[in-house]
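J.: could you work out the structure for the sequence below:
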Amino acid sequence: MVDHGNDVAGRPLADPVLEAKRVVESAARAGLTIRVLGGVAVRMQAPSESTLLPRPIGDIDLAIRQGGWRALADFLKSAGYGADDMFNALNGARRLLFFDHANNRKLDVFVGAFEMCHSIPIAGRLEKEPMTIPLAELLLTKLQIVQLTERDLRDIYSMSYHHEVSAGDGSGIEADFIADLCAKDWGLWRTCTATIEQSLARLPDYGLPSEASELVAARLSKLSKQIEQAPKTARWKLRGRVGDRVRWYDEPEETTPTA
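T.: Next up, the predicted model:
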């Protein structure tokens, strides 16, 4: 673990990956458990922090458990961040927004769950990884997106290439964890399966070496199969009868996009 010193006070670092490490490590010394998600986390999880399909990283996204947002807000202010006081006062129980004015960057904090097109529980297993949320939850934050962007596709491909898709042993991208959540929520299932299908269809556009393309396709297909085979709940089946006639996702907030 990189030690940036015991004093968190000072200017945020220009490099978003180094800055995210500084914040997580300094928060741990202050008794706070936070983890990284978004593009920074995808890069952190890649070997030597070099992804298959690199892309620019803008903001930093963090996750914390419910109940700790006030202490985190005080901590981030001491770490050199300015708070969006109005936004935080209205949304602090679920989301916080801070600014790194020196580097023209936002820091977005998700409290308890990641809520965009769907609600993804991201706080229940924060200790599984030392820096980021677990790989399954990290990939889910991408699979739950209804309107994929270029950066989302690159993150999906990079994660699928660098990490094995597992089922039951707790390693890599845990397909059983993702499948279980989709089996309980028809809307999440609908979006995730559509995102995987779209990712597979657009994979040839990226001109990857055949070995890399085949590996990504195989792992995404394995994940899709696991999702389909998971026994669905009665609630899932009931919602499935309605299908696409009723919108199954939320419109994400435009003011605070993820990194």
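J.: show me the contacts for residue 206.
T.: 53, 153, 157, 213 (Cβ atoms under 8 Å, 6 or more residues apart in numbering). The C-beta positions use only the backbone N, C-alpha and C, and glycine is treated the same way.
J.: let me see the contact set for residue 248.
T.: Listed by Cβ under 8 Å, 6+ apart, the contact set of residue 248 reads 186-187, 190-191, 239.
J.: so which of the contacts of residue 206 sit within strands?
T.: Secondary structure assignment by DSSP state E places none of those in strands.
J.: of all the residues you listed, which two lie farthest apart?
T.: 153 and 213 (13.2 Å; Cβ to Cβ).
J.: of the two, who's got more company?
T.: Taking neighbours as other Cβ atoms under 10 Å, residue 153 and residue 213 compare with residue 153 leading, 21 against 16.
J.: ok, now how distant is residue 14 from residue 167?
T.: Counting by Cβ to Cβ, to the nearest Å, the gap from residue 14 to residue 167 is 40 Å.
J.: cool, residue 91 as well?
T.: 36 Å.
J.: wait, residue 46 sits on residue 157?
T.: No. With contact defined as Cβ atoms under 8 Å, residue 46 does not reach residue 157; the gap is 11.5 Å.
J.: let's have the contacts of residue 248 in JSON lines, adding distance to residue 161, pLDDT and neighbour count.
T.: Output for these, formatted as JSON lines (distance: Cβ to Cβ, whole Å; pLDDT from 0 to 100; neighbours: other Cβ atoms under 10 Å):
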{"residue": "186", "distance to residue 161": "29", "pLDDT": "98", "neighbour count": "21"}
{"residue": "187", "distance to residue 161": "28", "pLDDT": "98", "neighbour count": "20"}
{"residue": "190", "distance to residue 161": "25", "pLDDT": "98", "neighbour count": "19"}
{"residue": "191", "distance to residue 161": "22", "pLDDT": "98", "neighbour count": "20"}
{"residue": "239", "distance to residue 161": "33", "pLDDT": "97", "neighbour count": "18"}
